[in-house]
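**Q** what shape does this take:
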Amino acid sequence: MSTIRKAVFPAAGLGTRFLPATKAQPKEMLPIVDKPIIQYGVEEAVASGIDQIIVVTGRDKRAIVDHFDISFELEHYLKDRGKTKELQVVRKISDMVDITYIHQKEPLGLGHAVLMAKDVVGNDPFAVFLADDIIRSRTPCIRQMMDVYEERQASVLALQQVAEDQVSRYGIVRVASSQGRVHEVVDMVEKPEPARAPSNLAILGRYVLKPTIFGILETTHEGVGGEIQLTDALRTMAQQEKVLGLEFDGTYYDVGTVPGFLKTSIAFALERPGLREELLAYLRSLPGLPAGS
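**A** As a prediction, the model looks like this:
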């Protein structure tokens, strides 16, 4: 049995890139086809053997709570009208996993959001999911990372090689040694210029962390924008103990930007029976696109 049973989902951000859609609706609840962004991460966690989710929420995030809670009125409506398939879908969501909610009064950074889960996580290693990042793979990404943790007993960051012109969008790691797809991380730089990047290995939105990160976060000074940055704490952690990075096997989708959100929505819709042909026909009909594109 895995020693990692808890996962933290920071979900207190304001989602300003998606305004006005996120003025009263959490960004994490925006749908990719017909499923909210955060549910993809929760399903990955459950498929990996995690049985307790801690969601750090903020103002106007009630929709997240309602989504994973039981909806008696909706279930009664569906049952009364014989909508068995839809009823099963709804019940599966509320039965999926136990979720604890922690309210973050103001968005003070990713590091602060993780720190708020300290009392619930306790002294156990735990996973962190950024809902902005959807990763699809045969073996769930976080499960791959958990396996590395079990073997090496060190915190693990999800890594992926990115093109040189993309490194300035990510936190980039410096590695001391490598064994296949597992790298020892000794430092990291947030959004470096390509010429100054220590590698082309970017940190993406999955972490498996030892609980020692909490003590580091408690003494981490405010960084960019007056926020407590998780990257700053991870840099300190890498100086004090071993931190590993795993080049995971899987396909990464960035839904934290409007272009990425739209690309992911189209990609997922094209995989759906009954949607693919109709969507392709529509896309081909758009003005300015070649008929055979």
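
**Q** not counting its neighbours along the chain, what's nearest Thr139?
**A** By the measure of C-beta to C-beta, 6 or more residues apart in numbering, the closest residue to Thr139 outside its immediate chain neighbours is Asp249, 7.0 Å from it. Every residue, glycine included, has its C-beta placed from N, CA and C.

**Q** mean confidence for the helix or strand harbouring Asp187?
**A** Assigned by DSSP states H and E, Asp187 belongs to strand 182-190. Mean pLDDT, strand 182-190: 92.

**Q** buried residues in it?
**A** Val182, His183, Glu184, Val185, Val186, Met188, Val189 (16 or more other C-beta atoms under 10 Å).

**Q** against Gly245, how distant is the fifth one?
**A** When you say that, I think you mean Val186. To Gly245, Val186 is 10 Å away according to C-beta to C-beta, to the nearest Å.

**Q** shared neighbours of the two, anything?
**A** Contact criterion C-beta atoms under 8 Å, 6 or more residues apart in numbering; residues shared by Val186 and Gly245: Val175.

**Q** any chance of a markdown table for the buried residues of strand 182-190, columns distance to Gln160?
**A** Below are the buried residues of strand 182-190 laid out as a markdown table (distance: C-beta to C-beta, whole Å):
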| residue | distance to Gln160 |
| --- | --- |
| Val182 | 14 |
| His183 | 12 |
| Glu184 | 17 |
| Val185 | 14 |
| Val186 | 19 |
| Met188 | 14 |
| Val189 | 16 |
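
**Q** tell me which two of these sit farthest apart.
**A** Farthest apart among these by C-beta to C-beta are Val182 and Val189. That separation is 20.3 Å.

**Q** identify the residues contacting Val173.
**A** Contacts of Val173 (C-beta under 8 Å, 6+ apart): Leu157, Leu159, His183, Val185, Asp187, Met188, Pro198, Ser199, Leu201, Ala202, Ile203, Gly245.

**Q** so which of the residues you listed comes closest to Leu280?
**A** Ala202 (31.5 Å).

**Q** tell me the mean pLDDT for stretch 142-154?
**A** 96.
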